[in-house]
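Colleague: Pasting the sequence and the predicted coordinates here, then a few questions.
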Amino acid sequence: LKVAVVGAGGVGGWFGGRLARLGPDKVDITFIVRPGAHAAALTRTGLRIMEPDSEFTVQPLRLVNSEDLLAGAVPPESFDVVLVCVKGYHLKLVLPIVKKLLRPPGVTPTAVLPLLNGMDAPTILADALGSKHVLGGLTLILSEISSPGTILLRKAPPIIIFGELGDTAGELAPTVSRLRSALLEAGNMNVVVPPFDDGGVRRHMWEKFVNICPFSAVCASCRTSVGSIFAVPRGVTLYKTLLSESCAVANAYGVGRPGLFDVAWQMERHSEVGRLPPEASASLSRDIIAGRPSELHDQIGALIRLAGDKGVPTPAFEVVYASLCVVEFVSEQERNTSPVNTGSIAPIYIRVMRRMPWTSRRALVWLASSCAAALVAMPALRRLRGA
């Protein structure tokens, strides 16, 4: 099975690493990577996978520079499967890359499997590549690049769910079966190809979307992990409110059987989130806190858009989204703008203040004001003492 992995981050790096461990005689893996520190480390020392109970390194790796591929500097090659494992805001940027990995017309199409958050990826890929290539898919995984060349899996086993998007088996069914077998052999994961008569992969995509939007929203707005959020009653209330709103959106679209996302389902999801490791958080939240680009508009923004199309009110999401849009705007300004006076401490002070929680900012301002007041009063105190 020939597999190309576009994006070797927390998702693509982990699944690609597990498949690559089987060896090229079973799965021939190629990673399409952007130039940078992570790609350099993969070239130099291989792909290191750290899991809760084990770790391993895959070396050598077959890496293709995405810029070289686009420029035609590497020979064209087609694959059985392309795993698209980039952030939502990068999806349209990698479409020209994915096109270069497809089989030519007249043979079984390459299966393109997006493992992205949100609901829009299959539509975007189908519009660009043709629907015959595109599978639906999702993964439930807590993983990240812990350092260049190293993928950290925080909780095992991850779940990967994928399949054809139609109502019956189609041209990609044999490829789906081969990929399922390879993933099962790769191990340490749960692999699901859902039956068509139970809503197929689309129902599962909605289930993840309904889950991840409130989780991302509460972690990003509170700027912390699930352990701290669930330790505070109002944090739990906020999460439950957001989950209720996302379920109302899914119900409005008639996902799965009637009443699928009912109160019992919500209570079960709440319990699952409560059992996550205390340090667990959403990747969207980690990106926003670090000032990096995030999937804010692909997740929370998309949910609000879908809710608006059906007339479903989402007041809690609206407030969270509005506040995070401001935070993301400030972060983007900081990334794109350098201080005019590089010798001044003011721009540094402003950046530090922006990244501090409000309570810490208030304490710092109080401390600075107190020091200033003391400096102003000092001459008068000296005069009084002299008198």
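Modeller: That came in fine, so what should we check first?
Colleague: Assign I29 to one of the three secondary structure states.
Modeller: Three-state call for I29 (DSSP: H, G, I helix; E, B strand; the rest coil): strand.
Colleague: who's it bridged to?
Modeller: V3 (DSSP bridges).
Colleague: quick one: contacts for it?
Modeller: Contacts of I29 were listed using CB atoms under 8 Å, 6 or more residues apart in numbering, and they are V3, A4, V5, G16, L19, A20, L61, R62. For the C-beta atoms, the positions are set from N, CA and C on the backbone; glycine is no exception.
Colleague: and the end-to-end length of stretch 42-50?
Modeller: 14 Å (CA to CA, to the nearest Å).
Colleague: what's in contact with that stretch?
Modeller: Taking CB under 8 Å, 6+ apart as the rule, stretch 42-50 contacts 8, 13-14, 16-18, 20, 31, 33, 55-61, 63, 146, 149-153.
Colleague: ranges for the helices of the stretch 101-250 of the chain?
Modeller: Secondary structure of the stretch 101-250 of the chain (DSSP state H, counting those that start in this stretch): helices located at 121-129, 173-186, 200-222, 226-230, 233-252.
Colleague: okay, the contacts of I29 in CSV with distance to V81, pLDDT and secondary structure next?
Modeller: Shown next, in CSV, are the contacts of I29 (distance: CB to CB, whole Å; pLDDT from 0 to 100; DSSP: H, G, I helix; E, B strand; the rest coil):
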residue, distance to V81, pLDDT, secondary structure
V3, 5, 98, strand
A4, 7, 98, strand
V5, 9, 98, strand
G16, 11, 98, helix
L19, 10, 98, helix
A20, 13, 97, helix
L61, 17, 94, coil
R62, 15, 95, coil
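Colleague: Can I get the buried part of the residues you listed as one PyMOL selection?
Modeller: To isolate the buried ones among the contacts of I29 in PyMOL, judged by 16 or more other CB atoms under 10 Å, type:
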select buried, resi 3+4+5+16+19+20+61
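Colleague: quick one: average pLDDT of stretch 215-232?
Modeller: Across stretch 215-232, the average pLDDT comes to 95.
Colleague: Would you mind putting the CA coordinates of that stretch into PDB?
Modeller: Extracted C-alpha coordinates of stretch 215-232, given in PDB (Å, rounded to 0.1, in the frame of the first residue of the first chain):
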ATOM      1  CA  PHE A 215     -14.000  21.700  24.100                       C
ATOM      2  CA  SER A 216     -12.000  24.100  22.000                       C
ATOM      3  CA  ALA A 217     -14.100  27.000  23.000                       C
ATOM      4  CA  VAL A 218     -13.900  26.400  26.800                       C
ATOM      5  CA  CYS A 219     -10.200  25.700  26.800                       C
ATOM      6  CA  ALA A 220      -9.400  28.700  24.600                       C
ATOM      7  CA  SER A 221     -11.600  31.200  26.400                       C
ATOM      8  CA  CYS A 222     -10.400  30.000  29.800                       C
ATOM      9  CA  ARG A 223      -6.800  29.700  28.500                       C
ATOM     10  CA  THR A 224      -6.100  26.500  30.500                       C
ATOM     11  CA  SER A 225      -6.500  22.700  30.500                       C
ATOM     12  CA  VAL A 226      -9.500  20.500  31.200                       C
ATOM     13  CA  GLY A 227      -8.400  19.700  34.800                       C
ATOM     14  CA  SER A 228      -8.600  23.400  35.800                       C
ATOM     15  CA  ILE A 229     -11.800  24.000  34.000                       C
ATOM     16  CA  PHE A 230     -13.600  21.000  35.600                       C
ATOM     17  CA  ALA A 231     -12.300  22.000  39.000                       C
ATOM     18  CA  VAL A 232     -14.400  25.100  38.900                       C
END
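Colleague: ok, now which ones touch the closest residue in space to E245 that isn't next to it in sequence?
Modeller: Distances taken as CB to CB, 6 or more residues apart in numbering place T314 nearest to E245, at 4.5 Å, with adjacent residues excluded. Neighbour list for T314: E245, S246, A248, V249, L303, I304, A307 [criterion: CB under 8 Å, 6+ apart].
Colleague: and with 6 Å instead?
Modeller: For T314, the contact set (CB atoms under 6 Å, 6 or more residues apart in numbering) comprises E245, I304, A307.
Colleague: Return the residues in contact with the first one.
Modeller: When you say that, I think you mean E245. Contact partners of E245, counting by CB under 6 Å, 6+ apart, are T314, A316, F317.
Colleague: one more time with 10 Å, if that's ok
Modeller: Applying CB atoms under 10 Å, 6 or more residues apart in numbering to E245 gives the contacts 210, 213-214, 217, 303-304, 307, 312-318.
Colleague: most packed of the helices of the stretch 101-250 of the chain?
Modeller: helix 200-222 (a mean of 23; mean count of other CB atoms under 10 Å).
Colleague: hmm, back to that, out of the contacts of E245, which are inside strands?
Modeller: Among the contacts of E245, no member is found in strands (DSSP state E).
Colleague: of those residues, closest to A264?
Modeller: Ranked by distance to A264 (CB to CB), those are led by V210 at 14.2 Å.
Colleague: these two touch, right, the closest one and A250?
Modeller: Yes: using CB atoms under 10 Å as the test, V210 is close enough to A250 to be in contact (4.9 Å).
Colleague: any common contacting residues for those two?
Modeller: Counting by CB under 10 Å, 6+ apart, the common neighbours of V210 and A250 are L260, F261, W265, L303.
Colleague: So which of the residues you listed sits lowest on pLDDT?
Modeller: Lowest pLDDT within these is found at L260 (82).
Colleague: all helices for the stretch 251-387 of the chain, in order.
Modeller: So, for the stretch 251-387 of the chain - with DSSP H, counting those that start in this stretch - the helices run 263-274, 283-289, 296, 302-310, 315-336, 346-355, 358-386.
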